[in-house]
Every structure is written in C-alpha cells, then in structure tokens.
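Trainee: Dropping the sequence and predicted coords here.
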Amino acid sequence: MSDLATAAMKTRRRVLGDAHVDRAEAAKTSFDAPFQALITDAAWGHVWSRDTISLRERSMLTIALLAGLGNDHELAMHIRATANTGASEADVMEALLHVAIYAGVPRANHAIKIAKETFAAMATTTKGENR
C-alpha cells in the first residue's frame, strides 16, 4: 500500500469510523474495486488528509455541497460522521442555511429533514450504548 493509500485509509476510518469502512471494504468486489481505490485516494488521501483546514470545517463544507447537490444518501453518512469530525448540530445548521441561500430552499429543507432524522437516530444509538 502506498503512503497516500495508507494516509487515505487512516483518515477515512477516523472520519467515517471503523465499522462503516469495514462494511464498505467487505462489500467491495472486483467490479467496484477500481472505483473504491479512486475515491479513497482522491477524497480521503488528496482532500480530507490535507492539514490546511480542520476535519470540522471539511465536514461542514462536505455537508453543504452534498445537500446543495441533493446527494441524500451521502449526506446522511456525513451527518453521522460529525460525531468524529467535531462539527456540531449548530455547525450543520449553519452550513444548511448557506445551502438555502446559495443552492435553494427546497434542497436545504430536504437536507434539514435528513439531518434531523440522522441526529435523532444518532442520539437513540448513543443512549442505547450507555445502558
């Protein structure tokens, strides 16, 4: 594994969590392996592993972009990742307010619904873990 791939996988695990990455890796096939390598190296190695801005800031940017583009499945995944990036619910709302102005109210409205559902599920999971 190259230095880039090693750094990329470390960052991917830090942001998304071992369980998510383990599931994704287990589901990888020879068909999608080249795509998985591309996104791991490009997104997690070249972008998320840079030290110019914090994971919190990258998280907020990613959430705003995903919401603005309507990438709902990826949006929920990155909302869950806020538990690892340090982005708060208030940070997410600030990002989504920007989406409303710059990408459209319907996109922001739908993203807020997804964020509320995801944060509620995260709170339920967290409470269940503390029992």
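Mentor: Arrived safely.

Trainee: Tally up the residues packed near Ile63, please.
Mentor: By other C-beta atoms under 10 Å, 28 other residues sit near Ile63. To be clear about C-beta, it is placed using only N, CA and C from the backbone, and glycine gets the same treatment.

Trainee: Need the pLDDT of it.
Mentor: The per-residue pLDDT reported for Ile63 equals 98.

Trainee: is it true that it touches Arg80?
Mentor: No: using C-beta atoms under 8 Å, Ile63 is not in contact with Arg80, being 10.9 Å away.

Trainee: tell me the contacts of Asn84?
Mentor: Counting by C-beta atoms under 8 Å, 6 or more residues apart in numbering, Asn84 touches Arg14, Val15, Leu16, Gly17, Leu55.

Trainee: would you turn those into CSV with distance to Ala42 and secondary structure?
Mentor: Output for the contacts of Asn84, formatted as CSV (distance: C-beta to C-beta, whole Å; DSSP: H, G, I helix; E, B strand; the rest coil):
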residue, distance to Ala42, secondary structure
Arg14, 17, helix
Val15, 15, helix
Leu16, 15, helix
Gly17, 20, coil
Leu55, 17, helix
